[in-house]
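Peer 1: structure of the sequence below:
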Amino acid sequence: MTILTEPIGSIPRPQKLIDALQASAESRLPASELSALADAAISDTIARFEATGSPVITDGEQTKPSFATYPIHGAHNLAPDGVTIPFADGHTRQLPCLTAGPFRYQTFASTYLKAAQKLTNRPLKQAVISASALSLLYPANGIPGYSREQFEDDLINEAEADIRGCLEAGAVNVQIDFTEGRLALKLDPSGGLLDQFITLNNRVLARFSDNDRLRLGVHSCPGGDHDATHSADVDYAGLLPRLFQLKVTNFYLQMASEKDRAHSLKLVRENLQPNHRVFVGVIDPISQTLETAETVCERVLEAAEYIPVEQLGTTDDCGFSPFADDISTARDLAFSKIAARVKGTAMAAERLAKRMNQR
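Peer 2: Numbering: from 1, shown residues only. Below you'll find the model as predicted:
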């Protein structure tokens, strides 16, 4: 018996790369020096990922400015005063705001994938940002000569191209980051905003075939930045019934840090469809405690009480460093946690196989 296990994506960047990214943004570092440091960070990340035994790896998002803004980094039609996202510890992240149309990606995620493929033969997954997250760039008071309808049409075209480019480049699967899903319920407890997000993302996903969707997934968590979350207090009960309406096969769900995992796993069981696979989080990236393989195994066995084993996978609750400047988790600790996930998942698979053979 095998239980699939995958990372979410980001790995804390080396301090040299973080410093270089800042210096480059301030025009204090030649592009060639930044490129060399970035290449070294990606190479080291992939080598250390392989050493964990992870059957699926990523490039650690080493050169993404953030999981959310990589497509628009460097665009000239943006202002800095967009939507502000507050975190539980008091710090905030602010999105830029679109000032003029048309909306176009500056960078597609397949760029990162193709660079990583040169360094490994291990299956690579690629994370992309959701259309719903980028929909927050459009200002509430509109843009003269560029309607919201025009913006959404452009956004959907660009989001489709981002996903399709990764599929065509050979990603083992493509994960759509949808951390704003749970946040939407905090901003609008009625669920109206979340419903808008689901509808928008499904407009993108409707453009893919059933076969394509076998390699598509969505990641949901309450945020994870500088050891803080933005919506962990929002009950999964409002999110999961809508989340499972998304036209994908794979769902990557934060679960390790849930206060009441049994409650959340029961909700998963109630909303799970036969064509779905759920990767439950068994590692808490924002905890400084290193989970043991035995702890991971116990969490997998707990999840297997609610989710059919053939539809069960494991993952991390969130990326370890979704924003480039986040150094709250040590790089060594992140890889140790991943190794524990891989080993603990295998242990659980062995125990479950023995149980089945004994029946």
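Peer 1: remind me which residues of the chain are low pLDDT?
Peer 2: Along the chain, segments meeting pLDDT under 70 span 359.
Peer 1: and the strands in it?
Peer 2: Secondary structure of the chain (DSSP state E): strands at 4-5, 78-79, 84-86, 92-94, 97-98, 125-129, 173-177, 216-220, 250-253, 277-283, 312-316.
Peer 1: okay, those in CSV with distance to residue 242 next?
Peer 2: All C-beta spots, glycine's among them, are computed from the backbone N, C-alpha and C. Compiled in CSV, the strands of the chain are given as follows (distance: least, CB to CB, whole Å):
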stretch, distance to residue 242
strand 4-5, 25
strand 78-79, 30
strand 84-86, 20
strand 92-94, 24
strand 97-98, 26
strand 125-129, 19
strand 173-177, 15
strand 216-220, 10
strand 250-253, 12
strand 277-283, 15
strand 312-316, 20
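Peer 1: and the lengthiest helix in the chain, what does it pack onto?
Peer 2: Longest helix of the chain, by residue count under DSSP state H: helix 331-358. Judged by 3 or more CB pairs under 8 Å, 6 or more residues apart in numbering; DSSP states H and E, the packing partners of helix 331-358 are strand 4-5, helix 31-51, strand 277-283, helix 293-304, strand 312-316.
Peer 1: next one: the second one to chain centre, how far?
Peer 2: Spelled out, it's helix 31-51. 20 Å (CA atoms, centre = their mean, to the nearest Å).
Peer 1: ditto for the last one
Peer 2: In terms of CA atoms, centre = their mean, the gap separating the centre of strand 312-316 from the centre of its chain is 13 Å.
Peer 1: one step back: the longest helix of the chain: which residues count as buried?
Peer 2: Under the neighbour-count criterion of 16 or more other CB atoms under 10 Å, helix 331-358 has 331, 333-335, 337-349, 351-352 buried.
Peer 1: got it, and stretch 192-208?
Peer 2: 193-194, 197-198, 200-205, 207-208.
Peer 1: go on, stretch 50-65?
Peer 2: Neighbour-count burial for stretch 50-65 [16+ other CB under 10 Å]: 52, 54, 56-65.
Peer 1: to residue 40, which of the strands of the chain lies closest?
Peer 2: Nearest to residue 40, of all the strands of the chain, is strand 125-129, at 20.9 Å by CB to CB.
Peer 1: partners of that closest one, with directions?
Peer 2: strand 173-177 (parallel) (DSSP bridges).
Peer 1: what angle do the partner strand and strand 277-283 make?
Peer 2: 60 degrees (axes from the mean of the first three to the mean of the last three CA atoms, to 10 degrees).
Peer 1: what is the residue nearest in space to the middle of the chain paired to in the beta sheet?
Peer 2: Geometric centre of the chain, nearest residue: residue 177, 4.0 Å, by CA atoms, centre = their mean. Beta-bridge partners recorded for residue 177 (DSSP bridges): residue 129, residue 219.
Peer 1: for residue 324, see how far away the residue lying closest to residue 86 once chain neighbours are set aside is.
Peer 2: Closest residue to residue 86 apart from its sequence neighbours, by CB to CB, 6 or more residues apart in numbering: residue 92 at 5.2 Å. Distance check for residue 92 against residue 324: by CB to CB, to the nearest Å, it reads 16 Å.
Peer 1: distance check, residue 283 against residue 8.
Peer 2: 9 Å.
Peer 1: where do the contact lists of the two overlap?
Peer 2: Both residue 283 and residue 8 are in contact with 315-317, where contact means CB atoms under 8 Å, 6 or more residues apart in numbering.
Peer 1: for those residues, pick the one with the most neighbours.
Peer 2: When the shared contacts of residue 283 and residue 8 are compared by neighbour count (other CB atoms under 10 Å), residue 315 ends up highest, at 31 neighbours.
Peer 1: now for the nearest residue to that one once chain neighbours are set aside, how many residues are close by?
Peer 2: Excluding its sequence neighbours, the residue lying closest to residue 315 (CB to CB, 6+ apart) is residue 279, at 4.0 Å. Close neighbours of residue 279, defined as other CB under 10 Å, add up to 25.
Peer 1: between the shared contacts of residue 283 and residue 8, which is nearest residue 33?
Peer 2: Using CB to CB, these come closest to residue 33 at residue 316, 31.5 Å.
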